[in-house]
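Asker: Here's a sequence, model it:
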Amino acid sequence: MSDRPSPTETEILVVAETFKLLGDPTRLKILLACLDQSMAVGDIARKIDASQSLVSHHLRLLRAARLVRGTRHAKHVHYEADDHHIRHVISDMIIHAGEHEETDGAD
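Answerer: Residues are numbered from 1 along each chain as shown. Presented below is the predicted three-dimensional model:
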């Protein structure tokens, strides 16, 4: 980040709101389900063991924050992570959390 100018207030607010949005475990599970492949709402709901209406509600929020995007396939919309930045941030945080768990057990 040292080569990049300091973030603007708007950028700081967007990042803070994004992390706040991902603070909900259901939304995070939905995003994780969509990281590597596009999935229909029903498939996401089954994968995370949640109702379709709950998943649809959270997907609306994730779409508004540009964390997922939807593509229509016949009667269904398939959702996936919006871009590689989202994939990297989430994947890196999961790896980071796993590293933390490993060091906790070493004491």
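
Asker: give the contact list for Arg87.
Answerer: When contacts are counted by Cβ atoms under 8 Å, 6 or more residues apart in numbering, Arg87 touches Leu35, Asp36, Ala81. Quick note: C-beta positions are derived from backbone N, CA and C, even for glycine.

Asker: so where's this protein uncertain?
Answerer: Residues of the chain meeting the criterion pLDDT under 70: 1-2, 102-107.

Asker: Tell me where the longest helix sits in it.
Answerer: helix 84-104 (DSSP state H).

Asker: buried set for that helix?
Answerer: Ile86, Arg87, Val89, Ile90 (16 or more other Cβ atoms under 10 Å).

Asker: Give me the phi and psi angles of Ala81.
Answerer: Torsion angles at Ala81 (phi, psi; degrees, to the nearest 10) stand at phi -60, psi 140.

Asker: Output the longest helix of the chain in PDB with nothing but the alpha carbons.
Answerer: Only the C-alpha atoms of helix 84-104 are listed here, as PDB (Å, rounded to 0.1, in the frame of the first residue of the first chain):
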ATOM      1  CA  HIS A  84     -10.900 -11.800  -8.200                       C
ATOM      2  CA  HIS A  85     -10.400  -9.100  -5.500                       C
ATOM      3  CA  ILE A  86     -13.400 -10.500  -3.500                       C
ATOM      4  CA  ARG A  87     -12.100 -14.100  -4.000                       C
ATOM      5  CA  HIS A  88      -8.600 -13.100  -2.700                       C
ATOM      6  CA  VAL A  89      -9.800 -11.100   0.300                       C
ATOM      7  CA  ILE A  90     -12.100 -13.900   1.500                       C
ATOM      8  CA  SER A  91      -9.700 -16.700   0.700                       C
ATOM      9  CA  ASP A  92      -6.800 -14.900   2.400                       C
ATOM     10  CA  MET A  93      -8.900 -14.200   5.500                       C
ATOM     11  CA  ILE A  94      -9.900 -17.900   5.800                       C
ATOM     12  CA  ILE A  95      -6.300 -18.900   5.500                       C
ATOM     13  CA  HIS A  96      -5.300 -16.300   8.100                       C
ATOM     14  CA  ALA A  97      -8.000 -17.600  10.400                       C
ATOM     15  CA  GLY A  98      -6.700 -21.200  10.000                       C
ATOM     16  CA  GLU A  99      -3.100 -20.000  10.700                       C
ATOM     17  CA  HIS A 100      -4.400 -18.400  13.900                       C
ATOM     18  CA  GLU A 101      -6.100 -21.600  15.000                       C
ATOM     19  CA  GLU A 102      -2.900 -23.600  14.400                       C
ATOM     20  CA  THR A 103      -0.800 -21.200  16.600                       C
ATOM     21  CA  ASP A 104      -3.400 -21.200  19.400                       C
END
